[in-house]
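Student: Take a look and give me a structure for this.
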Amino acid sequence: MDIYQHLYIDGQWRLPVRQQSFASFDPSDESVLAQVPAASAEDIELAVQAARRAFDEGPWPRLSGAERATLLRAIAAGIRQRLPQLAELEVRDNGKPLPEAQWDIADAAGCFDYYAGLAEAADVVPQQNIEVSDPHFSCWVEREPVGVVGAIIPWNFPLLMAAWKVAPALAAGCCIVLKPSELTPLTALELAAIVHAVGLPAGVFNLVTGLGADAGAPLAEHPLVDKLAFTGSVPTGRRIMQAASREIKNLSLELGGKSPFIVFADSDLEAAVEWIMFGIFWNQGQVCSATSRVLVERALYPVLLERLVEQTRKIRIGHGLDEGVLLGPLVSAGQRDKVLSAIADGQQSGARLAYGGEVPADLDKGYFLTPAIFAEVPVDSALWCEEIFGPVVCLRAFDSEEEALCLANDSVYGLAAAVMSQDLARAERVARRLRAGIVWINCSQPTFSEAPWGGYKQSGIGRELGQWGFDSYREVKQITRYDSAQAWGWYIK
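Tutor: The predicted structure follows:
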C-alpha cells in the first residue's frame, strides 16, 4: 500500500472521502515527488470523531505515564531506525541541506524520548498538595490531559514541528489530529506509519493532509476539538485564534518573528560572522526565530560587513543531497517570489544591497536564491520591520547600548533575540532588557527540547518544549475535601 495516497484515521489508512489529491514537489528540481490526499471537511469530521472516541472511551488518557512512555520511546526508536531515509525525504520535500535534515530528524526522535521521561515523572508526583487557611479542609491539585488536540504545523521543519506537538500531547494523555503543511507532507505520513507500527490505540493519533482552507479551517473550527496548537504565520494565527474564540478553546500559537542580533565592538569578529550566518542562512532563512536584523556597534560595523560578505560568497548553493551544499532552494516558487519581491522593495526603500539577492545563473531548475546582505537599512523599511522568511539579513550600525536596545525592541514581534559581547555582564544585562521569549548570548538559534520556546507580542501565545510544553497539554484541577467530623452548620444547626 502506498501510504502517500492515504490519510491515517482511527488506526487505519484510508482514502479521502472526495478522492482528491495534490502534488508534493521537490524544490531543487521542481519534479513531483508524490500525489498526496487532499482531505476535506468530511475527512476532518472522521478524524476528530475518532480522536474524541479514543479520548472519551479509550484507554490512552487512563494509562499511566510509564505506559505511555514505553510507546513514545518506541516511536523515537522507529524514527532513529529510519533516520537516513527520513532525512533524505526531508531534503527532497523541503529543500534543506542533508546535514540540517539529519540534525532535525535526530532532534525529532530526541523530543519523543524527552517527553517519555516527563510522562514517567508525572507518575512520581501525581498531585500537588496545597496548604489552605482552614484546617477543616484538604486541598490538592491534579493535572489531566486537555482532551482532543488539533495541531497544524508549518513546512520549514516538517518532522521536527510534528514532534514538538505530537510528543507532549501524547505524553500528557491527549488524542491528536495532525495536519502538516501541504508543501511538505511526506515525513508526517512516515511518522503516521511509525506510530501505526508501534501500536498506539486506534484514534489516539490521526494524520490528515490537505490544503489550509479545506482541511486546516475545518479542524480549527471543529467544536469537538479541545485545544488548537498552531505554528505558522501571523495572519493564519489570527484566523486560528478567531476560530478558537467561538468555543473558548485552549490555544497555543507560535508565530512569526523579526529577531534582532546586537553585536558589540568587543566581539570576536570571526565568531560574530559565523553566528550571524548561522542565524539567518540556516534552512535558507526559513526560520521563525531567524536573527534577520543585525545591529553592529559602529566601530566594528565596516569590517564586520566586509567579512560577512566575503564569507557569504563562499556558501555552496545547490541540491541538498549534494556534497558540501549548505544552502538549498526555498520551499516553493511562491516563497521565492515573495522573497525576491521583498528584496526589490528593500532596494527601493533606500537600503543598500551589499551582496546577493539573485537567482543563481547556473541553476536553471529549482527555487534557488543567493543570500542577500543589506546594509544601512532604514528602520521604517518593510525590509527591516516585516518577516521575510528567506536568506535575507539587514544590518545597521549603533552608537550606544541604549540605542541598540531601542532599535532591537522596536518591533511587533518578540520571538527571539541575540547579543554578542566579551563583556558577559553587559551581555546578560542586555539579554534581560530584550523583549523576546528566547534570548541567545554569544550564539544564535540553538534549541533544546528541555527549554521553553515561544515569544512575546505578535510572536505568539504560550510556550512549547520543556515542562512548559508538557503542561500546555494538561488541565489544572483543584480538588478540595472536607475532613472534619463536625457538621458544617451553616443552614442546618
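
Student: Let me see the ranges of the strands in the stretch 301-450 of the chain.
Tutor: 352-355, 372-375, 392-398, 413-414, 416-420, 438-441 (DSSP state E, counting those that start in this stretch).

Student: and the shortest one, how far out from the chain's middle?
Tutor: Once both centres are worked out by C-alpha atoms, centre = their mean, to the nearest Å, strand 413-414 turns out to sit 15 Å from its chain's centre.

Student: again with the longest one
Tutor: Taking C-alpha atoms, centre = their mean, one finds strand 392-398 lying 25 Å from the centre of the chain it belongs to.

Student: Does that strand pack against any helices or strands, and if so which?
Tutor: Other elements packing on strand 392-398 under the criterion 3 or more C-beta pairs under 8 Å, 6 or more residues apart in numbering; DSSP states H and E are helix 269-281, strand 293-297, helix 301-312, helix 333-348, strand 372-375, helix 382-385, helix 401-409. C-beta coordinates here come from the backbone N, C-alpha and C atoms, glycine included.

Student: To residue 200, which of those lies closest?
Tutor: Residue 200 lies closest, by C-beta to C-beta, to one member of these: helix 333-348, at 33.8 Å.

Student: List the buried residues in the closest one.
Tutor: Buried positions in helix 333-348, judged by neighbour count with 16 or more other C-beta atoms under 10 Å: 335, 336, 339, 340, 342, 343, 346, 347.

Student: try stretch 119-126
Tutor: 119, 120, 122.

Student: Kindly report the same for stretch 220-240.
Tutor: Result for stretch 220-240 [16+ other C-beta under 10 Å]: buried residues 220-222, 224-232, 234, 236-237, 239-240.

Student: Quickly list the domain ranges of the protein.
Tutor: As assigned by automatic domain parsing, the chain contains the domains 3-255+459-478, 260-441.

Student: Return the distance of the last one from the chain's centre.
Tutor: Same thing as domain 260-441. 20 Å.

Student: before we move on, what about the longest one?
Tutor: Here domain 3-255+459-478 shows a centroid-to-chain-centroid distance of 12 Å under the convention C-alpha atoms, centre = their mean.

Student: State the distance from the spatially most central residue of the chain to residue 232.
Tutor: Centroid check for the chain by C-alpha atoms, centre = their mean gives residue 161 as the closest residue, at 4.9 Å. Between residue 161 and residue 232 the distance is 9 Å, computed by C-beta to C-beta, to the nearest Å.

Student: swap in residue 172?
Tutor: Counting by C-beta to C-beta - residue 172 and residue 232 are separated by 22 Å.

Student: For the strand or helix carrying residue 78, name the packing helices and strands.
Tutor: Using DSSP states H and E, residue 78 maps to helix 65-81. For helix 65-81, the elements it packs on are helix 98-124, helix 158-172, helix 186-198, judged by 3+ C-beta pairs under 8 Å, 6+ apart.

Student: And for that helix, what's in contact with it?
Tutor: 60, 86, 105-106, 108-113, 115-123, 159, 167, 170-171, 173, 191, 194-195, 197-200 (C-beta atoms under 8 Å, 6 or more residues apart in numbering).

Student: Just checking, which helix or strand succeeds it along the chain?
Tutor: Downstream of helix 65-81 (by DSSP H and E), the next one is helix 83-94.

Student: neighbouring contacts of that following helix?
Tutor: So helix 83-94 is contacted by 24, 26-28, 33, 79, 96-98, 101-102, 104-106, 109, 155-156, 158-159, 183-187, 190, 319-321, 328, 331 (C-beta under 8 Å, 6+ apart).

Student: now do 7 Å
Tutor: 24, 26, 33, 79, 96, 98, 101-102, 104-106, 155, 158-159, 184, 186-187, 190, 320-321, 331 (C-beta atoms under 7 Å, 6 or more residues apart in numbering).

Student: which among those end up buried?
Tutor: 24, 26, 33, 79, 96, 98, 101-102, 104-106, 155, 158-159, 184, 186-187, 190, 320, 331.

Student: Between residue 161 and residue 232, which contacts overlap?
Tutor: With C-beta under 7 Å, 6+ apart as the test, residue 161 and residue 232 both reach residue 154.

Student: On the pLDDT front, check the closest residue to residue 172 other than its chain neighbours for me.
Tutor: Nearest residue to residue 172, sequence neighbours excluded (C-beta to C-beta, 6 or more residues apart in numbering): residue 473, at 3.9 Å. Looking at residue 473, its pLDDT stands at 98.
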